[in-house]
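1. can't give you the sequence, but here's the structure:
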């Protein structure tokens with residue numbers, strides 16, 4: 001990973017020089033305070049095909065780093081779930097992936113049950 005140094009003007013610390021990672025795509029103009037400085041990267045989405053709307057993008061994930069955060073200054077992954085962004089470390093992200101694999105198995109069970117239900121409903125007509 002390569003990085004460059006950028007300067008961000010802040011109200012509380014003046015010009016702050018920070019290392020910007022090559023994955024950062026954030027616009028740093030709105031960061032008024034040093035602890036608000038954050039690096040964020042491009043998001044990747046799960047794309048699910050729906051019969052009613054075609055491909056739908058969901059479950060975005062990306063990287064986030066707040067180098068001056070008083071609570072967490074590590075690079076994290078962020079995932080949008082239930083309308084909120086949640087931060088994940090590597091172990092958390094692995095657990096989330098495991099949960100998705102388990103849920104995929106549940107979706108397959110539902111698919112088979114739905115096929116049976118639809119077949120039975122067709123027979124009763």
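-> Ah, there it is. These numbers were taken from a predicted model, which means no experiment stands behind them.
2. Now do residue 42 against residue 64, distance only.
-> Counting by Cβ to Cβ, to the nearest Å, the gap from residue 42 to residue 64 is 12 Å. For every residue, glycine as well, the C-beta is placed using N, CA and C.
3. Who has more neighbours out of those two?
-> Set residue 42 next to residue 64 and count neighbours by other Cβ atoms under 10 Å: residue 64 wins out with 20 against 10.
4. just checking, that one touches residue 43?
-> No: proximity of residue 64 to residue 43 does not meet the contact threshold set by Cβ atoms under 8 Å, at 10.4 Å.
5. joint contacts of these two?
-> With contacts taken as Cβ atoms under 8 Å, 6 or more residues apart in numbering, residue 64 and residue 43 have no neighbour in common.
6. Show me the longest strand that occurs in this protein.
-> Within the chain, and with DSSP state E defining each element, the longest strand by residue count is strand 54-65.
7. how distant is that one from the center of its chain?
-> Going by Cα atoms, centre = their mean, to the nearest Å, the spacing between the C-alpha centre of strand 54-65 and its chain's C-alpha centre is 5 Å.
8. Kindly report the same for stretch 27-41.
-> On Cα atoms, centre = their mean, the centre of stretch 27-41 falls 18 Å from the chain's centre.
9. next one: stretch 39-58
-> Counting by Cα atoms, centre = their mean, stretch 39-58 is centred 11 Å from the centre of its parent chain.
10. repeat for stretch 19-38
-> For stretch 19-38, the separation from the chain centroid amounts to 17 Å (computed by Cα atoms, centre = their mean).
11. What are the buried residues along it?
-> If you call a residue buried by 16 or more other Cβ atoms under 10 Å, then stretch 19-38 has these buried ones: 20, 21, 24, 28, 31, 34, 35, 36, 37.
12. center of this protein - which residue?
-> Residue closest to the average C-alpha location in the chain (Cα atoms, centre = their mean): residue 61, at 2.2 Å.
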